[in-house]
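*Asks:* Mind folding the following:
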Amino acid sequence: KPEIERYFSDVLRIIDSELDTNQHDKLEHFFGTIVIKEEKAGFANKSVIVDGQQRITTTLLFLIALRDLEQDHQKQNYITQNYLINNSSTFQDKIKLKQVTRDWEAYKTLVNGGEISEPSIIKNAYELLKKLIKQNSEKNKDVNFDHYIIALQRMNVAVIFLDERPFKGEDPQIIFETLNSLGKPLTLSDLVRNFVLLNMKSNHQSEIYENTWHPLIEDVFQDNTSRFFRDYLQYKTVSSLKVVSDNNTKELYQQFKDFVENTFKSHNDFIQDIIRYVKCYKWIIQENNNDTISNNNANDKEIKELLRNIFHDIKSEAFKPFVLGLLEYHQYTINNIKLSDELLISFLKTIRTYLIRRRILGLTQGENKNIVLLSKRIKELAKGQVSMLELLTSMFYRLRLPNDSEIKNALI
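*Replies:* Predicted coordinates:
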């Protein structure tokens, strides 16, 4: 679903550019690499798609959905004849694309205009694309059939043709593996760094990387840089995001990119913003730190001890974005509001009590998803409009702060 929605939003970006009369150079979109191995099949040529199956299948399903929503027979025919079938082919139903998996039957039914009875991912993808096209037509009356076709024609691909001679060409499987899995996968921090720096002029890139990005972010966090980006994003968007892993790096990166593009005028503004949080996050993840959090020695010691208890003794992940926000309000004045040492200490003590009581009862359920949502109340906390205890006691039952009798029974 996220990939298909992303695909559709790329199509819409091209259409928006097409409709924008101020844009002379219309937007195009790089669609990725497709690797093909040509084979002879009688008089015709057969192309085996080594890499790019998903992209091509999605595009053809998009065209089928577009055809099936269109009333004009001529336009319906245009899609079928140009993109879906090849009249000179001797292959089954003259269909251009043959899946090697069990999705083939479902795909064939769609091309031929039939109804799919069995559940299948092909059917789900087709239905979703149909829904997205419909919703867009209702929302934007200017967009018509031709615009979608133009958008697809503005998608650029790099096509690699493999040599068909067995002694010369490498095994397609090896090539597929090399393209898709060999080499260390890029981390979230790699992707974010490239996104932030790549659209700058090369000398500016080097300067920003060497003087700002590397020393002030990557050098501080090293292997924790991706986690920092995730927790920063959780705090900023007040939403629960998946834990960073190789499987969801691209998804998190996409959310990060959308956030930066929708929030900041330039990448420099974003860099200035994220650097504000570096020291605060460092205090959260480092068990021992020599920085000064408070100028009052006793308070400084107490804050560090509380942070160590919450994040290293109890090992709470859920409170990281929220405490990042508390520390921001403690370090900087935001809209004339600044958190005093005393308030920060009392908030952290309440959090520690909350966690200790829940751990005694073996409760952790729901914390990672819901604690981050408290971040939107930090301003009220800092202004004294609500207390930390009120926030933690007003959550639903499985996130409750256990009362004395619960704790007493558990300890007995």
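*Asks:* My read is that Val260 contacts Ile271, right?
*Replies:* No - assessed by CB atoms under 8 Å, Val260 is found out of contact with Ile271, at 9.9 Å. Using the backbone N, CA and C atoms, a C-beta is placed for each residue, glycine as well.
*Asks:* shared neighbours of those two, anything?
*Replies:* Val196 (CB atoms under 8 Å, 6 or more residues apart in numbering).
*Asks:* Neighbour count: those two, which is higher?
*Replies:* Counted by other CB atoms under 10 Å, Val260 and Ile271 do not tie: Val260 has more neighbours, with 21 against 18.
*Asks:* In a helix, that one, correct?
*Replies:* Yes - per DSSP: H, G, I helix; E, B strand; the rest coil, Val260 lies within a helix segment.
*Asks:* Which parts of the stretch 151-300 of the chain are helices?
*Replies:* 172-180, 188-198, 202-208, 219-221, 225-237, 249-263, 267-275, 278-285, 297-308 (DSSP state H, counting those that start in this stretch).
*Asks:* And for the stretch 301-412 of the chain?
*Replies:* Counting by DSSP H, counting those that start in this stretch, the stretch 301-412 of the chain has helices at residues 320-331, 341-360, 367-370, 378-383, 388-393, 404-411.
*Asks:* right, and those - which one's nearest Thr90?
*Replies:* Thr90 lies closest, by CB to CB, to one member of these: helix 367-370, at 54.9 Å.
*Asks:* show me the contacts for the nearest residue to Asn199 once chain neighbours are set aside.
*Replies:* Sequence neighbours aside, His267 is the residue nearest to Asn199 in space, at 6.9 Å (criterion: CB to CB, 6 or more residues apart in numbering). Applying CB under 8 Å, 6+ apart to His267 gives the contacts Val196, Leu197, Asn199, Met200, Val260.
*Asks:* Which pair of those residues spans the longest distance?
*Replies:* Met200 and Val260 (13.8 Å).
*Asks:* isn't there a helix covering Val48?
*Replies:* No - assignment of Val48 by three-state DSSP gives strand, placing it outside any helix.
*Asks:* Neighbours of the closest residue to it other than its chain neighbours, how many?
*Replies:* Excluding the flanking residues, the one nearest Val48 by CB to CB, 6+ apart is Lys37, at 4.5 Å. By other CB under 10 Å, 18 other residues sit near Lys37.
*Asks:* tell me the pLDDT at Lys37?
*Replies:* For Lys37, the model assigns a pLDDT of 82.
*Asks:* before we move on, back to that, in a markdown table, list the helices of the stretch 151-300 of the chain along with mean pLDDT.
*Replies:* Output for the helices of the stretch 151-300 of the chain, formatted as a markdown table (pLDDT from 0 to 100):
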| stretch | mean pLDDT |
| --- | --- |
| helix 172-180 | 69 |
| helix 188-198 | 88 |
| helix 202-208 | 83 |
| helix 219-221 | 93 |
| helix 225-237 | 96 |
| helix 249-263 | 92 |
| helix 267-275 | 95 |
| helix 278-285 | 97 |
| helix 297-308 | 96 |
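*Asks:* So which of those is the most surrounded?
*Replies:* Looking across those with neighbours counted as mean count of other CB atoms under 10 Å, the highest average goes to helix 225-237: a mean of 21.
*Asks:* Who are the packing partners of that helix?
*Replies:* If contacts are counted by 3 or more CB pairs under 8 Å, 6 or more residues apart in numbering; DSSP states H and E, helix 225-237 sits against helix 188-198, helix 249-263, helix 278-285, helix 320-331.
*Asks:* Indicate which one of the ones you listed is closest to Asn368.
*Replies:* Nearest of the helices and strands packed on helix 225-237 to Asn368, taken as CB to CB: helix 320-331 at 10.0 Å.
*Asks:* can you give me the angle that closest one makes with helix 297-308?
*Replies:* Between helix 320-331 and helix 297-308, the angle comes out at 170 degrees (axes from the mean of the first three to the mean of the last three CA atoms, to 10 degrees).
*Asks:* from here on, count from 608
*Replies:* Fine by me, first position is 608 from now on; the one you just mentioned is helix 927-938.
*Asks:* if we look at helix 927-938, which residues are touching it?
*Replies:* Contacts of helix 927-938 (CB under 8 Å, 6+ apart): 838-839, 841-842, 883-884, 886-888, 890-892, 900, 914, 917-918, 941, 944-948, 951, 954-955, 958, 978-979, 981-982, 985-986, 988-989.
*Asks:* For that helix, output the C-alpha coordinates as PDB.
*Replies:* In PDB, the C-alpha atoms belonging to helix 927-938 read as follows (Å, rounded to 0.1, in the frame of the first residue of the first chain):
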ATOM      1  CA  LYS A 927      12.700   9.300  24.300                       C
ATOM      2  CA  PRO A 928      10.800  11.700  22.000                       C
ATOM      3  CA  PHE A 929       8.800  13.100  24.900                       C
ATOM      4  CA  VAL A 930      11.800  13.800  27.100                       C
ATOM      5  CA  LEU A 931      13.600  15.200  24.100                       C
ATOM      6  CA  GLY A 932      10.800  17.800  24.000                       C
ATOM      7  CA  LEU A 933      11.100  18.500  27.700                       C
ATOM      8  CA  LEU A 934      14.800  19.000  27.400                       C
ATOM      9  CA  GLU A 935      14.300  21.400  24.500                       C
ATOM     10  CA  TYR A 936      11.900  23.500  26.600                       C
ATOM     11  CA  HIS A 937      14.500  23.400  29.400                       C
ATOM     12  CA  GLN A 938      17.400  24.500  27.200                       C
END
